[in-house]
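[1] Let me see the structure of the following:
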Amino acid sequence: MNVSLRQLRVFRAIAEGRNFSRAGDEVGLSQPAVSRAVIELETQLGLKLLDRTTREVVLTEAGQSLALRLDRVLDELDQALAEVHGMAGARRGKVRVASSPTLSANLMPACIAECARREPEIELVLLDRIQQDVLDSVRAGEVDFGVVVEPPSVDDLHCEAILDDPFCLVLPPGHRLDGRASVRWSALDGEALVLLDHASGSRRLIDEALAAHGARCVVRQQVGHPTTVFRMVEQGIGISVMPALAMPPGGLAPLAMRPLVPRVQRSIMLVHRRNRAPAPLAQRVWALIAEMAQS
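    A predicted model of the protein is given here:
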């Protein structure tokens, strides 16, 4: 049946006032439009709901049965619509965001602090997880959205790039490449490396860049956290290629950082399930993180 909400509201108004003119005034329709709505509703139901004479409007047995149930149904619908409409202006609530470790450490703290300042009634909850777990959390609806390094193939997700983050070379003092203003990728050929492991969203991009520039390197260690990488470089285990965003705010001393050329960068993205837009509160946090990344 193709019964419209307008038809039901018209019928309820007639059932309550037993008058087509007053019902039209109540729902904002002309009397002919009210009559058409009733005829359309009766046609869809296959039943006569009203007996109308020049003096009165009388509900049939079917009309009485519908009218008894309609008040509760329409009142519940009105309440549900009002609650959903109120979500658009909601200021209070919890937004859950998953983020991969380097982003959790070096991008998200400032975003969380800014959210607390601008939106004190929004609780931004961060889930710090490896990249694949972030994507799985987004797909499962466990979080409102995720912050990740550009994933290889995500046809089921909507992605928005918010930041380009270049890769850099991390060196111990006195290394043969330390005196250069920048280092070509090809100059890494033969070097021993300490890299983030394949759970990192960056590792695939680093491996591809090394291969593309003919740098055949020995990966001495592959670990999960940037701090571990830096400590191993300090101990002379190898040099490293790291995203600039992973560098600690206080600097790398005694280590040195050099730009790698040609520039290769990773794209930092916000992701949510395709065709399922985040709730209004989450959309405000999404916009705030995008703005913070740009600044």
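[2] Go through stretch 17-29 and flag the buried ones.
    By 16 or more other C-beta atoms under 10 Å, the buried positions in stretch 17-29 come out as 19-20, 23-24, 26-27, 29. The way it works is simple: take the backbone N, C-alpha and C, and place the C-beta from them, glycine included.
[3] what does stretch 30-49 give?
    Across stretch 30-49, burial judged by 16+ other C-beta under 10 Å covers 34-35, 37-38, 40-42, 49.
[4] Ala290: what secondary structure?
    helix (DSSP: H, G, I helix; E, B strand; the rest coil).
[5] Pretty sure it sits against Glu160.
    Yes - with contact defined as C-beta atoms under 8 Å, Ala290 reaches Glu160; the gap is 6.9 Å.
[6] anything in contact with each of these two?
    Leu270 (C-beta atoms under 8 Å, 6 or more residues apart in numbering).
[7] Now do the phi/psi pair for the residue nearest to Trp185 when sequence neighbours are not counted.
    Closest residue to Trp185 apart from its sequence neighbours, by C-beta to C-beta, 6 or more residues apart in numbering: His213 at 3.6 Å. For His213, the backbone dihedrals (degrees, to the nearest 10) come out as phi -110, psi 10.
[8] Likewise for the one 5 residues further on?
    Backbone torsions for Val218, taken as degrees, to the nearest 10, come to phi -100, psi 120.
[9] give the contact list for it.
    So Val218 contacts 191-193, 238 (C-beta under 8 Å, 6+ apart).
[10] go again using 10 Å as the cut-off
    When the contact criterion is C-beta atoms under 10 Å, 6 or more residues apart in numbering, the partners of Val218 are 190-193, 238.
[11] which one of these is nearest Leu126?
    Leu193 (30.0 Å; C-beta to C-beta).
[12] Give the buried residues for the host helix or strand of that closest one.
    Taking DSSP states H and E as the criterion, the element that holds Leu193 is strand 192-196. In terms of neighbour count (16+ other C-beta under 10 Å), strand 192-196 has its buried residues at 193-196.
[13] Run through the strands of the stretch 101-250 of the chain in chain order.
    122-128, 145-149, 157-171, 183-184, 192-196, 218-223, 240-243 (DSSP state E, counting those that start in this stretch).
[14] Which one, of those strands, ends up nearest to Leu8?
    strand 157-171 (35.9 Å).
[15] Name every strand pairing with that closest one and say which way it goes.
    The strands beside strand 157-171 in its sheet (DSSP bridges) come out as strand 240-243 (antiparallel), strand 256-261 (antiparallel), strand 265-273 (antiparallel).
[16] burial count for Ser202?
    Ser202 has 24 neighbours, counted by other C-beta atoms under 10 Å.
[17] so it sits right up against Ala246, yeah?
    Yes - judged on C-beta atoms under 10 Å, Ser202 makes contact with Ala246 at a distance of 8.1 Å.
[18] Tell me the residues that contact both of the two, please.
    102, 165, 167, 196, 226.
[19] and these as JSON lines, adding pLDDT and distance to Trp286?
    Formatted as JSON lines, those follow (pLDDT from 0 to 100; distance: C-beta to C-beta, whole Å):
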{"residue": "Thr102", "pLDDT": "88", "distance to Trp286": "20"}
{"residue": "Asp165", "pLDDT": "95", "distance to Trp286": "19"}
{"residue": "Phe167", "pLDDT": "97", "distance to Trp286": "26"}
{"residue": "Leu196", "pLDDT": "94", "distance to Trp286": "26"}
{"residue": "Pro226", "pLDDT": "91", "distance to Trp286": "25"}
